[in-house]
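**Q** quick check, what structure comes out for this input:
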Amino acid sequence: METKGDISDLIEQLKDYNRRISNRDLMSLDEKHFKFYMLMMFNLYSDYTVISEQEVENGYIDILLRRKLSCDVNYEWIIEFKYLKMSARKNLEKIRKEGLSQVKSYVESREISEAIPQENLKSVVITFLGKEDIFLDWYSPI
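**A** Got it, this is the predicted structure:
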């Protein structure tokens, strides 16, 4: 993630985490649960300064990963989370598009565009559908 800009290992960890969630857990699950899990993981095992709900002119970034000065990191990250219960599957495409629109506005915000060079920024929406499916949507300004 830090040097290659690849998050496939992260997605596999999320899938493993999701398989352990019980149906009872699903009753009150929402996107903040996944976000808190990821915040914990990033704070424990990464070369990033982890910022939750970074305010920018166009909203709040779920997770912003900024490089630590002492670490060899090629990419910084904007990560937006979405969660839908299986019963709301019909809204999946709409929610994914909304997530990409949010990320686009964050990338274009003054706070991000002035602080992080585009070539060093990775932006992604991770959408959870119940506990079975994870969808990954990349935003690229180019």
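**Q** which stretches of this structure form helices?
**A** 8-19, 23-26, 31-45, 92-108, 110-115 (DSSP state H).
**Q** what distance do you get for the spatially most central residue of the chain to I51?
**A** Centroid-nearest residue in the chain, with C-alpha atoms, centre = their mean: I79, separated by 2.6 Å. Note on I79: its distance to I51, by C-beta to C-beta, to the nearest Å, is 11 Å. To be clear about C-beta, it is placed using only N, CA and C from the backbone, and glycine gets the same treatment.
**Q** common neighbours of the two, please.
**A** In terms of C-beta atoms under 8 Å, 6 or more residues apart in numbering, I79 and I51 are both contacted by the residues 61, 63-65.
**Q** what's the most buried one of the helices of the chain?
**A** When the helices of the chain are scored by mean count of other C-beta atoms under 10 Å, the highest mean neighbour count falls to helix 92-108 (a mean of 17).
**Q** now for that helix, which elements pack on it?
**A** Judged by 3 or more C-beta pairs under 8 Å, 6 or more residues apart in numbering; DSSP states H and E, the packing partners of helix 92-108 are strand 59-67, strand 76-84, strand 121-129, strand 133-139.
**Q** go with 6 Å
**A** The contact analysis (3 or more C-beta pairs under 6 Å, 6 or more residues apart in numbering; DSSP states H and E) places helix 92-108 against strand 76-84, strand 121-129, strand 133-139.
**Q** ok and the shortest one relative to helix 92-108, angle-wise?
**A** In other words, strand 133-139. Here strand 133-139 points in a direction 40 degrees away from that of helix 92-108 (axes from the mean of the first three to the mean of the last three C-alpha atoms, to 10 degrees).
**Q** please point out which parts of strand 133-139 sit buried.
**A** Neighbour-count burial for strand 133-139 flags 134-135, 137, 139 (criterion: 16 or more other C-beta atoms under 10 Å).
**Q** that older thread, model confidence for the residue nearest to the centre of the chain, exactly?
**A** Looking at I79, its pLDDT reads 95.
**Q** now it, nearest residue through space, not along the chain?
**A** Spatially, and ignoring its direct neighbours in sequence, I79 is nearest to I63 (4.3 Å; C-beta to C-beta, 6 or more residues apart in numbering).
**Q** how close does that neighbour get to Y83?
**A** 14 Å.
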